[in-house]
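Q: What would the 3D arrangement of this be:
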Amino acid sequence: MGKLVRIAGTLMIVAGVGALAWAFTVWKWEDPFTATLNYFDQRQLAQTFDRRLEEGRPAGTAASTVDLAGALERSAVEWRRSLKRGDPVARLRIPRLGLKGIVVNGTDHDSLERGPGRYLGSAMPGEGELVYIAGHRTTYGAPFSGIDKLRKGDRVFLQLPYATFEYAITGHRIVAATDTSVLVSRGHEQLELQACHPRFFATHRYIAYAELVGVLPEPEIANALAG
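A: Numbering: from 1, shown residues only. As a prediction, this is how the structure comes out:
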């Protein structure tokens, strides 16, 4: 009987050490299992997004367009209307975080497993309203694991079929998970990046704010403007 107790005790110690090691791994880096699933999802999304880029700008930007803002807004609206939940929206790049990945359409559970998601109630870059993107911090690739490392002036880039948008971080807020005021557009182009806070909990949201500082239109729009 004593031998069985010792064996059981040893097994419990091993299990405890293993659990601590696993928790440390996820805390320090990310969950390797869901990260693997996310890797393949992101690869598929990137391939689909690249095909959409090759197809050119959305069919809503007339060749006679004479103003960049109007051309971008029309293209943004057409692009948003063409997407379904879970579709690839844009290629996101954040140099400070070493992040480069595909944003998906939607912030539901299934969409966020595939990558950072655009809140469906928000606008598309170029519409002159709030663009709201949420992402995981510890699982499924943990794209926003280092969101709290962003500093004022850091750049965030979003590439879409009609233009590439450059934003600059202006600050951050930590709000309760029930605070929906962060989803309200202030009537101008603004990017909000959101992740749960603190890590491993969902009681609050960490919101990083960014303002638009530059736009590089895709060749077809640029050529129409030049013509």
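Q: State the distance from the closest residue to Tyr162 other than its chain neighbours to Phe33.
A: Nearest non-adjacent residue to Tyr162, counting by CB to CB, 6 or more residues apart in numbering: Ser75, 3.7 Å away. Quick note: C-beta positions are derived from backbone N, CA and C, even for glycine. According to CB to CB, to the nearest Å, Ser75 stands 39 Å off from Phe33.
Q: Mind checking which of those two has more residues around it?
A: Ser75 (28 against 11; other CB atoms under 10 Å).
Q: Where does that one sit: helix, strand or coil?
A: helix (DSSP: H, G, I helix; E, B strand; the rest coil).
Q: Strands of the protein, start to end?
A: 88-94, 99-105, 117-118, 130-134, 155-159, 163-176, 190-197, 204-217 (DSSP state E).
Q: The last one packs against which elements?
A: Looking back up the chat, that one is strand 204-217. If contacts are counted by 3 or more CB pairs under 8 Å, 6 or more residues apart in numbering; DSSP states H and E, strand 204-217 sits against helix 68-82, strand 163-176, strand 190-197.
Q: quick check: angle from the longest one to strand 88-94?
A: In this case it means helix 68-82. Relative orientation of helix 68-82 versus strand 88-94 (axes from the mean of the first three to the mean of the last three CA atoms, to 10 degrees): 120 degrees.
Q: ok, and for helix 68-82, which residues are buried?
A: By neighbour count on 16 or more other CB atoms under 10 Å, the buried set for helix 68-82 is 68, 71-80.
Q: same question, the last one
A: By neighbour count on 16+ other CB under 10 Å, the buried set for strand 190-197 is 190-197.
Q: Sort out which one of those residues lies nearest Ala177 for me.
A: Nearest to Ala177, judged by CB to CB, of the buried residues of strand 190-197 is Cys196 at 7.7 Å.
Q: Quick check, that closest one in contact with His204.
A: Yes - between Cys196 and His204 there is a contact under CB atoms under 8 Å: 7.4 Å.
Q: Give me the common contacts of these two.
A: Common neighbours of Cys196 and His204, using CB atoms under 8 Å, 6 or more residues apart in numbering, are Ala177.
Q: Let me have the buried residues of strand 190-197 in CSV, extended by pLDDT and distance to Asp148.
A: Listed next are the buried residues of strand 190-197 as CSV, based on pLDDT from 0 to 100; distance: CB to CB, whole Å:
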residue, pLDDT, distance to Asp148
Gln190, 97, 19
Leu191, 98, 17
Glu192, 98, 15
Leu193, 98, 11
Gln194, 98, 12
Ala195, 97, 8
Cys196, 94, 11
His197, 93, 8
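Q: I'd like to know which of those is nearest to Gly98.
A: Out of the buried residues of strand 190-197, the member with the shortest distance to Gly98 (by CB to CB) is Leu193, at 14.9 Å.
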